[in-house]
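>>> Just a sequence and a predicted model for now, questions to come.
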Amino acid sequence: MPNTKSAIKAARQNLKRRVVNVKALEAIRKATKIVRKAATKADGEKALTGVFAALDKAAKKNIIHKNNANRHKSRLAKMVAKLK
């Protein structure tokens with residue numbers, strides 16, 4: 001348990017930030033699953049826009065690193081390109 005006033009406040013802030021971060025990460029995971037389950041190239045390309053938006057937002061807010069977001073975007077785009 002935090003003892004000082006500043007530690008108590010920091011703990012409160014961490015809980016609030018965690019809620020935002022977890023929500024953003026869940027959005028990325030859900031959107032990624034949709035892309036991975038896409039049967040056709042058209043479906044995959046439609047779903048890619050959602051994933052790209054979620055990844056870019058998370059990278060902008062420093063929830064994930066910029067290069068991490070770019071790596072995921074690249075791999076997903078490559079996977080969709082292989083679809084028929």
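That came through fine.
>>> Look at the residue nearest the centre of the chain and tell me its secondary structure.
Geometric centre of the chain, nearest residue: I28, 3.3 Å, by CA atoms, centre = their mean. Assigned by DSSP: H, G, I helix; E, B strand; the rest coil, the conformation of I28 is helix.
>>> Wait, it touches A59, no?
No - between I28 and A59 there is no contact under CB atoms under 8 Å: 10.1 Å. For every residue, glycine as well, the C-beta is placed using N, CA and C.
>>> Can you give me the neighbour number for D56?
14 (other CB atoms under 10 Å).
>>> Okay, helices next: where are they in the chain?
Ranges of helices within the chain are 5-36, 41-60, 66-82, based on DSSP state H.
>>> Could you single out the most deeply buried of the ones you listed?
Of all the helices of the chain, helix 41-60 carries the top mean neighbour count, a mean of 17, counting by mean count of other CB atoms under 10 Å.
>>> and the residue nearest to the centre of the chain, what does it touch?
51, 54-55, 58, 64, 72 (CB atoms under 8 Å, 6 or more residues apart in numbering).
>>> Find the nearest non-adjacent residue to R36, please.
Nearest residue to R36 in three dimensions, chain neighbours excluded: M79, at 7.2 Å (CB to CB, 6 or more residues apart in numbering).
>>> Nothing else from me, thank you.
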